[in-house]
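[1] Curious how this folds, go ahead:
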Amino acid sequence: MAKTGVKMLKIMKPILIDLGTFLTKAIPDTELTVQKYADAKFEYLSYCLKVKEMDDEEVAINQMQESLYRVETGNYEYRLVLRCRQLARIRFSKLRSDVSVKLDLLDQKHVQDILFQLQRLITAISRYNDEAAKEIRELIGLFPVEMDLKEDVFQYKQNPFQRFDSEDHEDLSPSVPSEAPQTLPSPSTGHEMNIIDLSE
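    Now for the predicted structure:
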């Protein structure tokens with residue numbers, strides 16, 4: 001059964017690697033591209049709004065029959081904004097195409113590849129279950145195990161644990177000295193002192 005489990009783990013390892021690549025590389029890369037696309041779109045729309053404001057300013061000045069200083073000096077600011085808007089539009093179009101392609105690939109991988117990997121996983125688990133059940137069925141004849149025991153094998157005259165506890169308490173009880181203590185007179189007071197022989 002252990003060999004069967006190791007075989008199943010070897011089958012599952014590439015499946016988990018593919019799923020990990022999808023989660024840790026494909027999805028974050030698509031999210032980064034979408035973020036770049038959003039920044040480029042915001043930049044392009046900002047230049048478009050700036051051009052519209054400058055056009056409206058020129059129309060308002062012409063209606064008042066007045067001259068605009070930047071128009072009289074060559075209108076370089078307006079032409080610079082137009083050039084920046086053109087470059088931003090090219091970058092925005094390129095990123096929009098990249099986002100569209102990556103989202104399509106991500107959707108295809110999610111629909112096809114993930115389904116394929118899950119089918120492999122289910123097949124591996126089903127095969128392991130069948131092999132394990134087959135090995136277990138081969139062991140059915142071993143159980144129950146017959147044993148010849150005496151009728152009183154599980155009958156105790158006294159609780160064995162109580163006997164062990166009483167023996168432990170006896171071992172832990174302090175020993176009483178067998179010899180009586182010797183008495184000697186005290187040199188200073190003349191009274192007798194008790195001396196216990198601890199040599200033994």
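[2] Residues contacting stretch 14-24, please?
    By Cβ atoms under 8 Å, 6 or more residues apart in numbering, the residues outside stretch 14-24 that reach it are 109-110, 113-114, 117, 120-121, 124. No exception for glycine: its C-beta is placed from N, CA and C like everyone else's.
[3] repeat that with 6 Å
    If you take Cβ atoms under 6 Å, 6 or more residues apart in numbering as the criterion, stretch 14-24 is touched by 117, 120-121.
[4] and the top helix by length along the chain, average pLDDT?
    Under DSSP state H, the helix in the chain containing the largest number of residues is helix 27-63. When pLDDT is averaged over helix 27-63, the result is 91.
[5] where in the chain is pLDDT low?
    Low-confidence regions of the chain, defined by pLDDT under 70, span residues 1, 141-145, 156-200.
[6] what ranges do the helices span in it?
    2-21, 27-63, 69-72, 76-108, 114-138, 160-172.
[7] looking at those helices, which is closest to residue 149?
    helix 160-172 (17.4 Å; Cβ to Cβ).
[8] Pull out the buried residues from stretch 125-137.
    128, 131 (16 or more other Cβ atoms under 10 Å).
[9] just stretch 26-36 next, same as before
    26, 30, 33.
[10] re the thing from before, list the buried ones in the longest helix of the chain?
    Result for helix 27-63 [16+ other Cβ under 10 Å]: buried residues 30, 33, 37, 40, 43-44, 47, 50, 54.
[11] Go through those residues and name the one nearest residue 97.
    So of these, ranked by how close each gets to residue 97 (Cβ to Cβ), first place is residue 37, at 9.5 Å.
[12] Could you pull out the buried residues of stretch 95-111?
    Those would be 95, 99, 102, 106, 109, for stretch 95-111 by 16+ other Cβ under 10 Å.
[13] Turn these into a markdown table, including distance to residue 2.
    What follows is those, written out as a markdown table (distance: Cβ to Cβ, whole Å):
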| residue | distance to residue 2 |
| --- | --- |
| 95 | 53 |
| 99 | 49 |
| 102 | 44 |
| 106 | 39 |
| 109 | 35 |
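[14] Quickly name whichever of the residues you listed is closest to residue 128.
    Closest to residue 128, out of all of these and judged by Cβ to Cβ, is residue 109, at 26.7 Å.
[15] tell me the contacts of the closest one?
    Counting by Cβ under 6 Å, 6+ apart, residue 109 has no contacts.
[16] ok, so what distance separates it from residue 26?
    6 Å (Cβ to Cβ, to the nearest Å).
[17] what's the answer for residue 4, then?
    Distance from residue 4 to residue 26, by Cβ to Cβ: 33 Å.
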